[in-house]
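K.L.:
Show me how the following folds:
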Amino acid sequence: MAPHVRPALPADADAIARVDASGTRTLRAVYRPTPEALERGRGLRAGSETLVAELDGEVVGVVRLRAEGETLQLFALFVDEAHRRRGVARALVAAACERAPARIALHTIAETGNVPIFARLGFVTVAEQAADDVTGDGQLTDVAMELRPGRPA
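P.N.:
Next up, the predicted model:
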């Protein structure tokens, strides 16, 4: 069964928190954001749109989107650990493509292993730099990626 993506509802708050916690656990094994990065993240949430993905009526994925001019910023894309590799992230990105004016942009930390995942979803790397707003073992790399709607997700 394919995931169903829809805008989040207030009643989804607990399920979204569960999916966020699952995704955050995976990332925190690699890095921790600085207090300044956490504050920026809270700022991104203001004015953002949240989409959820359901499988069999259960919320198993979440993504937050924020329009900035011709760019749709994608952040906080999480899939519950128990439901990964079932097309949930692909469905969320496809739904984001329907909302994107010209392109979708995101940032990820290379050491999480997410760059190849986003590449399989159609994103291309446009820049890399030292990730100065996170801490982890050694120097971490911030990777900026983009996807142009019209390419299959």
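K.L.:
Pairing-wise in the sheet, spell out the partners of the closest residue to residue 53 other than its chain neighbours.
P.N.:
Distance criterion CB to CB, 6 or more residues apart in numbering; nearest residue to residue 53, sequence neighbours excluded, is residue 61 at 3.5 Å. Every C-beta, even on glycine, is put in place using the N, C-alpha and C of the backbone. Bridge pairing for residue 61 (DSSP bridges) gives the partners residue 53, residue 79.
K.L.:
hang on, isn't residue 61 packed against residue 52?
P.N.:
Yes - in this structure residue 61 lies within contact range of residue 52 using CB atoms under 8 Å: 6.7 Å.
K.L.:
quick one: which of these two has more around it?
P.N.:
Taking other CB atoms under 10 Å, residue 61 and residue 52 do not tie; residue 61 has more neighbours (28 against 24).
K.L.:
buried residues in stretch 124-136?
P.N.:
Using 16 or more other CB atoms under 10 Å as the test for burial, stretch 124-136 gives 131, 133-134, 136.
K.L.:
Which strands or helices does the helix or strand of the chain with the lowest mean pLDDT pack on?
P.N.:
None of the helices or strands of the chain scores lower by mean pLDDT, DSSP states H and E than helix 35-45, at a mean of 73. Judged by 3 or more CB pairs under 8 Å, 6 or more residues apart in numbering; DSSP states H and E, the packing partners of helix 35-45 are strand 58-68, strand 71-79.
K.L.:
And the average pLDDT for the longest one is what?
P.N.:
Read it as strand 58-68. For strand 58-68, the mean pLDDT works out to 94.
K.L.:
what does stretch 76-83 give?
P.N.:
Across stretch 76-83, pLDDT averages out at 90.
K.L.:
Give me the buried positions along it.
P.N.:
Those would be 76-80, 83, for stretch 76-83 by 16+ other CB under 10 Å.
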